[in-house]
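Enquirer: with the sequence up front, the predicted model follows.
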Amino acid sequence: MARKNEIPTALDVAVARRALGLSAGISGGALNVGFALLEHFNRKTGQCDPSVARLSTMLGLGEATVKRATKELCDVHELFRKRSHGGMSHRASYQPNWAKMRRILADWERRMLSGGAPEKEAANGSEMIPPTDQERSLDGIKNDPRTLLKEPFGINPIPSEASGGVGFPEPDGPAQRQKPVPAERANGLWSGNARTALNSPSKVVPGGKWRIAEQAATRRWNSAMLRRGVHAYASFLEWVTTEISDQATEAEMQRRGDGERFIVDRMHAAGMVTRDG
């Protein structure tokens, strides 16, 4: 993990994702918002200042739910530190608490060896959230979606072909409709040869708007995994590695929906549950 005056690496962010999923007593809303904050964290500049409205839109949660979640992340679990920009935008900046996340992961590794209980600090975290707030945050994932009706904003829900649910378009621009898959590709990728194809997604050569496309692809498969349910998503965060995350993004950039399918296939191979209920 990152130390003082060091630039966080992709591995630091991957460890932080695991720490989120392992945090005792964390609510579903805080889990979703915490992951989104890590996705917005710029490792080069240290900037992480998405607005409440942006998080609300991207996660499909009400703004009140997002505010409760950021308060829980900063004040209860101390996984992030919140600073105010001031000025005209009044946006807050969020700094991941790398040291706290390091301790959470170290405690988990200790428990994996001993089978023991969490350390006192981690165990107390679940007692700091009143049950009503915890239930309200969990309910917010299913019952408190942001109502998106104003056409000029261009953020109305669109169908998600990957999971059959409802997704949200990326802020980078409207997604293009997926082209029909050639028969030979369908037969080679998903019929009879799925394992080989999924374990070795094609590489995408950087260039032009590649970085923007990469970020959009990552958001798509992450949103698809979020829609699979709070508990399945928490298990996914604990299990996922930087390598799998990168491979899923590469697959998603090749074809919309392939990122989620790649992850689900790998989770099935590991004997994991991929959807709540």
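Expert: Everything's here; your move.
Enquirer: any idea how many residues pack against residue 267?
Expert: Residue 267: 21 surrounding residues under other Cβ atoms under 10 Å. C-beta: built from backbone N, CA, C; applies to glycine.
Enquirer: how about the strands in this protein?
Expert: For the chain, the strands identified by DSSP state E occupy 80-84, 92-96, 158-159, 166-167, in order along the chain.
Enquirer: give me the helices and strands touching the first one, please.
Expert: In this case it means strand 80-84. Secondary-structure packing of strand 80-84 (3 or more Cβ pairs under 8 Å, 6 or more residues apart in numbering; DSSP states H and E): strand 92-96.
Enquirer: residues touching the strand it packs on, excluding its own?
Expert: The list of residues contacting strand 92-96 from outside it, by Cβ atoms under 8 Å, 6 or more residues apart in numbering, reads 8, 16, 37-38, 41, 46-49, 70, 73-74, 79-85.
Enquirer: and it, which strands flank it?
Expert: Sheet pairing of strand 92-96 (DSSP bridges) gives strand 80-84 (antiparallel).
Enquirer: residues contacting the partner strand, please?
Expert: Outside of strand 80-84, the residues that reach it under the criterion Cβ under 8 Å, 6+ apart are 34, 37, 70, 73, 74, 90, 92, 93, 94, 95, 96, 97.
Enquirer: the fourth one: neighbour count?
Expert: Applying other Cβ under 10 Å, we find 27 other residues in the vicinity of residue 73.
Enquirer: quick one: it from residue 255, how far?
Expert: The gap separating residue 73 from residue 255 is 34 Å, by Cβ to Cβ, to the nearest Å.
Enquirer: please name the residues that touch the residue lying closest to residue 20 once chain neighbours are set aside.
Expert: Excluding the flanking residues, the one nearest residue 20 by Cβ to Cβ, 6 or more residues apart in numbering is residue 34, at 4.7 Å. Counting by Cβ under 8 Å, 6+ apart, residue 34 touches 20, 26, 69, 73, 79, 80.
Enquirer: about what we covered before: for the strands of the chain, which one ends up most surrounded?
Expert: strand 92-96 (a mean of 19; mean count of other Cβ atoms under 10 Å).
Enquirer: now it: average pLDDT?
Expert: Throughout strand 92-96, pLDDT has a mean value of 93.
Enquirer: re earlier: can you tell me which of the contacts of strand 80-84 is nearest residue 227?
Expert: The closest of the contacts of strand 80-84 to residue 227 turns out to be residue 34 (Cβ to Cβ; 17.1 Å).
Enquirer: and for the residue nearest to residue 67 when sequence neighbours are not counted, the neighbour number?
Expert: Sequence neighbours aside, residue 52 is the residue nearest to residue 67 in space, at 6.2 Å (criterion: Cβ to Cβ, 6+ apart). Using other Cβ under 10 Å, residue 52 is surrounded by 18 other residues.
Enquirer: wait, residue 52 sits on residue 64?
Expert: No: under the criterion of Cβ atoms under 8 Å, residue 52 lies out of contact with residue 64, with a separation of 9.3 Å.
Enquirer: hang on, the earlier thing: how close does the residue nearest to residue 67 sit to residue 20?
Expert: Here residue 52 is placed at a distance of 19 Å from residue 20 (Cβ to Cβ).
Enquirer: output the strands of the chain in JSON lines, with distance to residue 263 appended to each entry.
Expert: Converted to JSON lines, the strands of the chain look like this (distance: least, Cβ to Cβ, whole Å):
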{"stretch": "strand 80-84", "distance to residue 263": "25"}
{"stretch": "strand 92-96", "distance to residue 263": "23"}
{"stretch": "strand 158-159", "distance to residue 263": "20"}
{"stretch": "strand 166-167", "distance to residue 263": "15"}
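Enquirer: looking at those strands, which is nearest to residue 103?
Expert: Go through the strands of the chain one by one with Cβ to Cβ and the one that ends up closest to residue 103 is strand 92-96, at 13.1 Å.
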